[in-house]
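Asker: based on what follows, work out the 3D shape:
(chains A and B)
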Amino acid sequence: MLTALALCGVGLLSIASATAEQAGRSGLWKMQLVWLGVGIVAATVVVVVDYRLWAALALVLHGVALGLLGLVLAFGREVGGNRSWLEFGPLRAQPSEFAKWTTCLVLAVYLARRVRSSMGLRQLGEMSLLVAAPVGLIALQPDIGTALIFVPIFATALMIGGVRWKVLVAFVILALLFAPVGWTQLKAYQQARILTMFDPERDPSGVGYQLRQSKIAIGSGGLVGKGLFDGTQGQLNFLPAQHTDFVLATFTEELGFLGACGVLGLFYCLLWRGILAARSAQDRLGTYLCMLVVAWLIGQMAINVGMILGRLPTIGVPLPFLSYGGSALVTALCGVALVVNVRTRRFVN
Amino acid sequence: MDYRERWELKDYLFGQVIERRILLVQVALTVLVLAFVLDFWNLQGVHGDEYRVLAENNRLRRIPLPATRGEIFDRERRVIASTRPSLDLLLHRVAGPSLERQIESLAPILGESVETLRRKLDDLRATPSFDPLSVKEDVTLAELARIEARRERFPSIEVRQTARRHYPEGALTAHAIGYVGEVNEARLQTAEAPETLFRGDIVGKSGIERAYDNPLRGVRGWMVASVDSLGRQIGESQVLAEPGHGAPIEITLDIRLQRALVRAFGDEAGAGVFLDPRTGEVLALSSTPAFDPNRFADGLTREAWQSLNTDPGRPLHDRAIASFYAPGSTFKVVMAIAGLESGTIHPSDALYCAGSTVIYGHRRLCWKKGGHGRVDLERALAQSCNVYFYHLGQRMGIEPIQRYGSILGLGAPTGIDIPGEEGAILPSAEWKQRAQGQPWYPGDTISVAIGQGLLAVTPIQMATMIAGVATGRLPRPRLAHGSPDVGREIAVSASTLEIVRRGLERVVESGTGRSVTRGGFTVAGKTGTAQVFKRSAGIDADELPKAERDHAWFVGYAPVDAPRIAFAVVVEHGGHGGTSATPIVRQVLEVFFGDAGSGDAPGAPGLQASRRATAEGSGDRTAATP
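Answerer: Down below sits the predicted model:
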């Protein structure tokens, strides 16, 4: 939990720095601080209540998440072509973030309850349904990036759920077969982003621009960086989304390779401890729960960092704890809280 | 609630599987994080310095300081092309939501529709937003005043002063001087000095503007300023290099002669070349119809370009250096030289012209129905007797014709210093075999003998040819002053040239070119009528529709004793050379020799004189070519 909070601190600093020069945005770090407070309260609640009780509520919570996703599609506010925000007065929330959390919960419960020595096709199908529901609703927004986060979660669920390799391989092949269909469903700008990943010079002023500026930001940071609040790429606005998806690029521009190692080290530490918690859990539910949350965070981190390094397409996935965004911060903290919950109850009967 | 199942109660083997797979996740996590660390190291450690430079380049913008294009003067330092300031209206697109409203209030002031401006704005969607939209170039002061009066409504508008090419003489100098425009992609790729040429630069596209583009254009300078991503300047700017302004150049044209020449052409199509036979300096060079080069400098619309390009009068085509014409009887000058030099004829050889003759089984007509009677070479030239030259051609064959034509500069570019010149065609047996896949027929020679058939020349070639006859040296024509080029000596004996010159003098004294001699100066020359359509003799040319009339030529030099000007004029569908081409020459020469009295009243007396000449049968008329 402390590791996670350290990451949050890093995030606050980067957001403050990235937005310092921007008119009307320089107060964003305070907003994030408020969200952090909300997140800590929420996480405390998650920790205090026994995870087995959460498990009992899993289906209900998942249902609520799906309902909210449905509401978003019907009444949501559209931002940048995606309909993913719900507004409650001054508060805006992304139910898709909440859905990640409930999906981890409901999958863990399903695995612990229904799956014995090995997973059959029936179980595979039912689990697929549990995941496909939120993924489908999110993909309709359409927020491909967030939908993608469910892939590592589901894959990990299958793996630690004891599915046979053969089935897993068959599943992957099936997914690959459907990839061309999925490709045609993507919006033109999303296709362009994927193509640009393979050929960054394709469109240096449009899609390629972001990637290129991100690399320039990171690279120009050098070993020790340009100093906090002194980055030129982020401060002068050359790097778009410098406080959200590309916050790590801003951070590493200002604190260099050492800063990058620090953040990656914190993530490694956090996730490693998550896996240790999974090993030491007193029951299968705890193990599954920890592993799924870890998978979620690994996946999201990998996609984000891969993206800013230009290894993956720019699909708009925030970096957990660091990127600006309230819902994401709160749910990520709640995810970590689940792991802490399992860990603190490892000796209890 | 029976999922409260402890690990130790569970299937041990299954637990083993799970353990292994968790281990797999641990390995994957470690590999992933290490890979990222390596990638960061690659960017920040290995290539850090390169990216630092890139980041600086981002932050520091090099802003070009345009060089002013050099002026172009005529030989008396009168301005032909200059650079004037132009006020351009730019709309900065980063200001955001009020752009739409600004466009709506802007459109009526500029007299444009809101849709047009909106479309322009949409067209720029893909470009970086710090590139402003050029709303309108060269706005008038009235428009500017109306915008300034409502300045607060146009926060995103900037007025930027740029330089614009201006040609005070307009279409008068269109082909010789050429025009300027934005550099195209091909030119950028092949530029001889790529570091001095940038996208969006204004470069010379034709004529002098193209030929001397590099010195005229100069070298742009640079200043460097710190900017943010929207291109807004923050902090001081610093000049890295002052622009090197283009050098002015003085060219050999004489605007007064040029004006007289173009004015004399009136609405006729054709070309005229006047040059100094001693130096090759071009004094006047016209191609009509022409275009207004200022329209290119102002930025031609696609439609305007289309209409210029598809105009049947081909205004963009430089007829003086790139149009092929049959030389008609003016070629008899070359025939006479070839005949004398090859020893085929003597000046005193004479034959009897009965108005027609039969060669190779075809009856060929002289232009004068009754015939010229007894003609020697001088008289044949003066009267332009076809029969004489048919027989000369028949006796001589094509080879000497081709040889002496080549010596006199035909069939190859003259090397004038503006781009686009063509070499035209001086045919030989070998050329015909290669180009047309057919053998040379003797009849081909007979057509060439009177300047028809396969032969084709450009007006500039005819001007240098006749200059060569006048001085004994073939000049290389040029428009720019430079190292004096006395030209190439022509391999023709002085006595031959003397005989031909006498013939040319008689053309003007008593022959087909009489109408030119009305000023206080002497002229030698040769008229010509180039057939456009085959037809039988006996039809009055003046009755024919314009497009079927012959092209009219007049080539020559003046004054006779010490030639200072040589010329070639061709009037498309002008009829007889003596009718329409000679008055044009006369008007230019009158200006050249300072006879202002009749020079400003173009046409009237000369035209009347030439009409009379026609009535007396002084035009020349060729018979149908085989």
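Asker: give me the residue from chain B nearest chain A.
Answerer: Of all residues in chain B, the one sitting closest to chain A is residue B:51 (2.6 Å; Cβ to the nearest Cβ). Quick note: C-beta positions are derived from backbone N, CA and C, even for glycine.
Asker: quick check: can you list the domain ranges of chain B?
Answerer: Domain assignment for chain B by automatic domain parsing gives B:62-250, B:318-615.
Asker: quickly compare those domains and say which is most buried.
Answerer: Comparing the domains of chain B by mean neighbour count (mean count of other Cβ atoms under 10 Å in any protein chain shown), domain B:318-615 ranks first with a mean of 21.
Asker: now that domain: mean pLDDT?
Answerer: Averaged over domain B:318-615, pLDDT sits at 84.
Asker: roughly how far out does it sit from the chain middle?
Answerer: 25 Å (Cα atoms, centre = their mean, to the nearest Å).
Asker: picking up where we left off before, where's the residue of chain B closest to chain A, which helix or strand?
Answerer: Taking DSSP states H and E as the criterion, residue B:51 maps to helix B:48-59.
Asker: can you name every helix or strand that that helix contacts?
Answerer: Applying 3 or more Cβ pairs under 8 Å, 6 or more residues apart in numbering or on different chains; DSSP states H and E, we find helix B:48-59 packed against helix A:207-221, helix A:232-235.
Asker: ranking those helices by mean pLDDT, which is last?
Answerer: Of all the helices and strands packed on helix B:48-59, helix A:232-235 has the smallest average pLDDT, which comes to a mean of 66.
Asker: can you name the element that comes right after that helix?
Answerer: For helix A:232-235, the succeeding helix or strand toward the C-terminus, using DSSP H and E, is helix A:247-280.
Asker: for residue B:281, grab phi and psi.
Answerer: The phi/psi pair for residue B:281 (degrees, to the nearest 10) reads phi -70, psi 130.
Asker: count the residues that sit near residue B:16.
Answerer: Other residues near residue B:16 come to 10 when the count uses other Cβ atoms under 10 Å in any protein chain shown.
Asker: and the strands in the stretch 101-250 of chain B, which stretches?
Answerer: Under the criterion DSSP state E, counting those that start in this stretch, the stretch 101-250 of chain B contains strands at B:133-136, B:157-166, B:180-182, B:202-204, B:221-227, B:233-241, B:249-250.
Asker: swap in the stretch 351-500 of chain B?
Answerer: Counting by DSSP E, counting those that start in this stretch, the strands of the stretch 351-500 of chain B are B:356-359, B:362-365, B:373-376, B:473-474, B:488-489.
Asker: wondering if stretch A:252-267 reaches chain B at all.
Answerer: Yes: using Cβ under 8 Å from any Cβ of the partner chain, stretch A:252-267 reaches chain B at A:252-253, A:256-257, A:260-261, A:264, A:267.
Asker: ok, and the most crowded of those?
Answerer: residue A:253 leads the residues of stretch A:252-267 next to chain B on contacts (other Cβ under 10 Å) with 36 neighbours.
Asker: for chain B, longest helix please?
Answerer: Across chain B, the longest stretch assigned as helix under DSSP state H is helix B:12-40.
Asker: which elements pack onto that helix?
Answerer: Packed against helix B:12-40, as judged by 3+ Cβ pairs under 8 Å, 6+ apart, are the following elements: helix A:144-160, helix A:247-280, helix A:284-308.
Asker: many thanks, we can stop here.
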